[in-house]
Each structure stands twice: as structure tokens, then as C-alpha cells.
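Enquirer: Any chance you can model this:
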Amino acid sequence: MAAGAAKGLNPCKCGWLGHPRRGCKCTPTELLEHAARARQRAGGVLNSLLPNPAPGEHCALDTAGQRLVADAVDRGGMSVRGVHRAIRVGRTIADLAGEERITPMGLAEALQYRAYEVRRFVAR
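Expert: Alright, predicted model coming up:
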């Protein structure tokens with residue numbers, strides 16, 4: 001294993017991205033995931049490890065995002081824990097899209113995933 005691979009510095013999962021003679025075998029989706037993870041590291045913390053009480057600067061929401069969260073709590077009965085999970089997923093969606101901030105569209109997508117997950121386990 002190369003020294004860079006041991007430290008997690010490979011530009012992709014297979015480790016060959018950008019090599020002059022050997023081609024990268026990663027799919028476009030895998031390359032996006034690596035780029036998203038790199039953005040998370042550059043921000044100082046992985047999205048899955050963001051603290052629950054206040055996602056703060058990493059997950060700041062604009063007015064539209066705050067309204068979406070309020071609706072999810074008021075109308076959808078979502079718990080605070082569920083909201084925090086959805087916000088972390090929204091941050092990951094933004095990272096995958098290369099966005100600096102969580103967009104209302106990305107947050108809405110994350111809230112839908114959370115609502116689907118709740119329905120799936122309650123229906124059993």
C-alpha cells in the first residue's frame with residue numbers, strides 16, 4: 001500500500017485518479033462521494049459526527065429551511081432527534097452537490113428520506 005493510501009490521501013477509492021499511465025476505475029458516483037467526504041474533512045468534522053444540539057455553522061439553515069423544519073415538527077410530528085438527523089443528511093446532500101450551504105431543496109429531500117424511514121419501521 002502506498003504511503004498516501006495509509007493516511008487516507010488517495011484521490012479516489014481505487015487510488016489511481018490522475019495517474020499518468022494507469023486509469024481510475026471508480027464510478028462517477030464514487031468520485032462524488034470521495035469529494036463530499038473531502039469537503040467534510042476540510043470543514044473539520046464528518047457529517048455523521050456533527051453534534052446533535054446545535055449543528056450550527058456546518059448546517060446553518062436559511063429562512064426557507066427553518067420553515068421546512070418547523071413544518072416537519074408541527075405538521076409531521078417529527079422529533080427534535082429526527083430533525084437533527086435530517087439536517088445532517090441535508091448537509092451530506094449539499095456536500096454531494098458541491099454546495100456551500102444546505103439548500104431548501106436538499107433539506108426537503110432529507111426530510112422526505114426521514115419521513116419514509118419512519119413510515120417504513122412503524123408499518124411493521
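Enquirer: C-alpha from now on. contacts and neighbour counts both.
Expert: Noted.
Enquirer: how about the helices in this protein?
Expert: Here the chain has its helices, by DSSP state H, at 3-6, 28-42, 63-74, 80-97, 104-122.
Enquirer: Tell me which of those helices is the most buried.
Expert: Among the helices of the chain, helix 80-97 has the highest mean neighbour count (mean count of other C-alpha atoms under 10 Å), at a mean of 21.
Enquirer: Counting by contacts, list what that one packs against.
Expert: helix 28-42, helix 63-74, helix 104-122 (3 or more C-alpha pairs under 8 Å, 6 or more residues apart in numbering; DSSP states H and E).
Enquirer: Now do it, average pLDDT.
Expert: Confidence over helix 80-97 (mean pLDDT, whole number) is 88.
Enquirer: ok, L46 touching R37?
Expert: Yes. At 7.3 Å, L46 counts as touching R37 under the criterion of C-alpha atoms under 8 Å.
Enquirer: So, low pLDDT: which residues of this structure?
Expert: 1-11, 52-58, 116-124 (pLDDT under 70).
Enquirer: Distance of the residue nearest the centre of it relative to L111?
Expert: Residue closest to the mean C-alpha point of the chain, counted by C-alpha atoms, centre = their mean, is T92 at 1.0 Å. Distance of T92 to L111, computed by C-alpha to C-alpha, to the nearest Å: 13 Å.
Enquirer: likewise G65?
Expert: In terms of C-alpha to C-alpha, G65 sits 11 Å off from L111.
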